[in-house]
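K.L.:
here's a sequence, model it:
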Amino acid sequence: MIGKNKKMKKTVGERVFDILVHGILLLCFLIILFPLMYVVAGSLASAKELAENKFLIIPKEPTLDVYKYILSTKTFPRSIAVTTLVTIVGTFVNLIMTCLTAYPLARRNLLGRKWLMLGVTFTLVFSGGLIPTYLVVNSMGLIDKYAALIIPGAISSFNLVLVKNFFQEIPESLIEAAKIDGSSEINTLTKIVLPLSKPALATFTMFYAVGHWNQFLQPLLYLNDSKKWTVQILLRQIVMLSSTSGEDDGMMPGFILPMMSLKLAVVVVSTLPIIMAYPFMQKYFDKGVMVGSVKG
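P.N.:
Numbers count the residues shown, from 1 in each chain. Have a look, this model is predicted:
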């Protein structure tokens, strides 16, 4: 009872430290929040209102004209479908290849393990470069194919190292017990290792998905057919070519497209799907990233 009634009192120094920490966190939150609010508010504001206000948080007369313009383009639904397909298939390939590579590297009795890890870590610092990569993709006949957005980046060396470290923390006794029971390596991976690695897999699923969704340079280099453009390339094209509304844009006659609002709306459209998916994965992030990064 004495322990419950007697609360630990903080010293003046501890209170000052707590206030300082909370103040810094609040400042960081505001630094992140206000630009996001400006982007959303600017995409809903008129060109006149944006010109009159250097920093806009709440538009007085919000309008969805810019979003109507973006959504009215004939290629927008197709580009969204293409990006979604590439993101889903690419993320699935990334996870399969990463897990199949990380699992044997996590086994300490693997022959030549140190040399294989040296090769993986070497690619973290050095890469072939843009032109050699393009020549390889071209020689494989992947130009103007969606596979060019998936196969060259099938494995991320950085993510591979983290997943390997996560697999190493699974008790070796579980794997040995499965082996005694006659379990194959693939069965051990799918039935024991992967179920115990859900936080890591969820985290790297998000990492890979964000990477595929935000791909810009690869589609720009490898996709020549405008019908195969991803949403990032399409939105760039909209910003570059749309100084005024066209005849088929579905906008009112004489409507002048505000370019700044268009650019801000493009940011919202391109990031909204990932922002909406993040809360569903957030609970896995701390454990999934930190546990795999503790040991080498």
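K.L.:
from what I see, residue 58 and residue 40 are in contact.
P.N.:
No - no contact is recorded between residue 58 and residue 40 when judged using CB atoms under 8 Å, the distance being 10.0 Å. Heads up, the C-betas are built off the backbone N, CA and C, glycines and all.
K.L.:
report the rounded mean pLDDT for stretch 266-284.
P.N.:
For stretch 266-284, mean pLDDT is 76.
K.L.:
quick one: contacts of it?
P.N.:
39-40, 43, 67, 70, 198-200, 202-203, 205-206, 209-210, 213-214, 231-232, 235-236, 238-239 (CB atoms under 8 Å, 6 or more residues apart in numbering).
K.L.:
which residues of the stretch 1-150 of the chain score low on pLDDT?
P.N.:
When residues are selected by pLDDT under 70, those of the stretch 1-150 of the chain lie in 1-8.
K.L.:
neighbour-wise, which of residue 58 and residue 40 wins?
P.N.:
When residue 58 and residue 40 are compared on other CB atoms under 10 Å, the one with more neighbours turns out to be residue 40, at 20 against 10.
K.L.:
and the gap between that one and residue 272?
P.N.:
Residue 40 sits at a distance of 10 Å from residue 272 (criterion: CB to CB, to the nearest Å).
K.L.:
can you check residue 73 too?
P.N.:
When distance is defined by CB to CB, residue 73 is 17 Å away from residue 272.
K.L.:
settle it for me: which of the two has more neighbours?
P.N.:
Neighbour tally, residue 73 and residue 272, criterion other CB under 10 Å: the higher count belongs to residue 73, 19 against 11.
K.L.:
so what's that one closest to, chain neighbours aside?
P.N.:
If you skip the residues right next to it in sequence, residue 73 has residue 238 as its closest partner in space, 6.5 Å away by CB to CB, 6 or more residues apart in numbering.
K.L.:
derive a PyMOL selection command for the buried subset of the contacts of stretch 266-284.
P.N.:
In PyMOL, a selection of the buried entries from the contacts of stretch 266-284 looks like this (16 or more other CB atoms under 10 Å):
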select buried, resi 39+40+43+67+70+199+200+202+203+205+206+209+210+213+231+232+235+236+238
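K.L.:
among the contacts of stretch 266-284, which lie within helices?
P.N.:
Assignment to helices by DSSP state H places the following of the contacts of stretch 266-284 there: 39-40, 43, 67, 70, 198-200, 202-203, 205-206, 209-210, 213, 231-232, 235-236, 238-239.
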